[in-house]
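Enquirer: pasting a predicted model and its sequence here:
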Amino acid sequence: MEKIDKEGIPPGGDSQYYDAQFDGKLYPPKLIVSYANYFANGEVLDRRTFRGGLDTPCFQLLEKNDFRIIHKNGTPMSEDEMFYPELINFLEQSKTGNLKTKHFRESFKGLKVKVSFGQGVAA
């Protein structure tokens, strides 16, 4: 956060839908994780190599470290709103050969959710 406060957000480094709030300041979530990896491991993570969004490891890491994830317009999000980006990610992934599902949520509004893309022939 100090790096961002000092140097600003680099071109293309801003977030689209969510901000990570800490001590009253807003930061791009994926940029925070990318820079945190630099300070921990000496390498800036390419933000294109990992997903951001609700229920992703990126956001879970931030929330675990006392960041508050908020919608860009600053309003609290309903549970339905939190599900839309994940649904879009599902639809986008369904167009690829990627069968991984661990990054999807396991429940929604008290219901168990099981995501599957099928194996073998496209379903």
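Expert: Thanks, I have it. Numbers count the residues shown, from 1 in each chain.
Enquirer: from now on I want contacts and neighbour counts done on CA atoms only, so please keep to that.
Expert: OK.
Enquirer: where in the protein is pLDDT low?
Expert: Applying pLDDT under 70 to the chain flags the ranges 74-82, 120-123.
Enquirer: got the residue ranges for the helices in it?
Expert: Counting by DSSP state H, the chain has helices at residues 2-7, 29-41, 57-64, 79-93.
Enquirer: hey, which of those helices is tucked in deepest?
Expert: helix 29-41 (a mean of 17; mean count of other C-alpha atoms under 10 Å).
Enquirer: report the inter-axis angle for it versus helix 57-64.
Expert: Put simply, helix 29-41 runs at 80 degrees to helix 57-64, going by axes from the mean of the first three to the mean of the last three C-alpha atoms, to 10 degrees.
Enquirer: now the helices of the chain in TSV, with distance to residue 100?
Expert: Below are the helices of the chain laid out as TSV (distance: least, C-alpha to C-alpha, whole Å):
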stretch	distance to residue 100
helix 2-7	33
helix 29-41	21
helix 57-64	14
helix 79-93	9
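Enquirer: which residue is nearest the centroid of this protein?
Expert: Central residue of the chain (C-alpha atoms, centre = their mean): residue 52, 2.0 Å from the mean position.
Enquirer: I am finished for the moment; much appreciated.
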